[in-house]
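>>> this one's sequence-less:
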């Protein structure tokens, strides 16, 4: 079974959802779908001019993963331009920079927000007030919110407890 895909960090939601050749109704065109993280990779590399290592760090992925995302984005945009297809920007597995997750201590019920991208997983988090076990119960955006999954928690035994 493949590893679950890690959500990618993007700066903004896209301002537009479709681009199409002029003069042709959208209903008559084939659609090429570009994910939000593919659009973000294009922005970072081609507009902001970042090196792949720096762009990967901003999206919180490895450099090889960023390269694959960017390569696929370039391919999709080229197909849309050369073959006269509509380009739709939608979906993906991402969260917005600055979004936060809500954690709650199972033992003392203290709750606090933790920004995405800190590397803190709910199953590894410790309550800052009492040091107790923590459960994540919400997030503002990302895969869980878009798919109606509610809270997402990692599984497995805690290594800091006997």
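Great, that's in hand. It should be emphasised that the depicted structure is a prediction, and the values quoted were computed from it without experimental measurement.
>>> Could you report the distance from the residue nearest in space to the middle of the chain to residue 38?
In the chain, the centroid-proximal residue (Cα atoms, centre = their mean) is residue 94; its distance is 1.4 Å. In this structure, residue 94 and residue 38 are 10 Å apart, going by Cβ to Cβ, to the nearest Å. Quick note: C-beta positions are derived from backbone N, CA and C, even for glycine.
>>> quick revisit: does the residue nearest to the centre of the chain touch residue 7 like I think?
Yes: using Cβ atoms under 8 Å, residue 94 makes contact with residue 7 at a distance of 5.5 Å.
>>> which parts of the longest helix belonging to the chain are buried?
Using DSSP state H, we find that the single longest helix of the chain is helix 63-83. For helix 63-83, the neighbour count (16 or more other Cβ atoms under 10 Å) marks 65-67, 69-70, 73, 76-77, 80 as buried.
>>> Check which helices and strands the next helix or strand after it sits against.
For helix 63-83, the following helix or strand on the C-terminal side (DSSP states H and E) is strand 86-89. When contacts are defined as 3 or more Cβ pairs under 8 Å, 6 or more residues apart in numbering; DSSP states H and E, strand 86-89 packs onto strand 18-19, strand 31-34, helix 63-83.
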